[in-house]
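Novice: any chance you could fold what I've pasted below:
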Amino acid sequence: MTANSSRAAARCTARKLHPSEYRILAEFRFALRRFLSFSESAAGEFGLAPQQYQALLAIIGLGTTEKGVTINALARTLLIKHNSAVGLVDRLQDERLVTRKTATDDRRKVNLNLTARGLRIFEKLATAHREELNKLGPQLAEYLDYFSRVPGRLVSSAGRRKTPVPTRAAARRVAASRRS
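Specialist: Prediction:
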């Protein structure tokens, strides 16, 4: 058992969930999956696999210098092995979305940057993702707020929930209040 899995197991045994919390967990997971499904479809409209969009996002997000991002950093960010990241970069390079440049300070390293074509596609996808998050964000925020509360205060002594269940209607109310 790894250190992370033993910590996760310890957290799981801290307190039993109230039966109504299973529904909230399921709804939260559904909301996350809805966003991921959107992301997969949006990437597909540009002929990209979801992981290719994630790679473009990581390269832009981590690329705080003109040097770019190393393949090692990309692999760590995407939680994949180095050789898988190399194959992913090969495919992105074949599509003319990224360039590789050997690092001047360490010839063993390869820095990645987006091409002009890669940047155009990335910006369109990032804008679409931002718009989708504007729609789903209030609902996700309610779930995160709920889960961030002190566990002992989630359910009253009578077994009824103290915190209202996040609903789509509540998410629409939050979104409407932000627009006004």
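Novice: for the rest of this, base every contact and every neighbour count on C-alpha atoms.
Specialist: Fine.
Novice: tell me the pLDDT of Val150.
Specialist: The model reports Val150 with a pLDDT of 53.
Novice: buried residues in whatever helix or strand Gly61 lives in?
Specialist: In this structure, Gly61 sits in helix 50-62 according to DSSP states H and E. For helix 50-62, a neighbour-count test (16 or more other C-alpha atoms under 10 Å) marks 50, 52-60 as buried.
Novice: assign Asn111 to helix, strand or coil.
Specialist: For Asn111, the assignment made with DSSP: H, G, I helix; E, B strand; the rest coil gives strand.
Novice: and it, bridged to which residues?
Specialist: Here Asn111 sits in beta bridges with Thr70, Lys101, as judged by DSSP bridges.
Novice: my guess is it contacts Thr104. True?
Specialist: No. Because the distance of 9.6 Å does not satisfy C-alpha atoms under 8 Å, Asn111 is recorded as not touching Thr104.
Novice: neighbour count for those two, which is higher?
Specialist: Legend: neighbour count by other C-alpha atoms under 10 Å for Asn111 and Thr104, higher for Asn111 (21 against 11).
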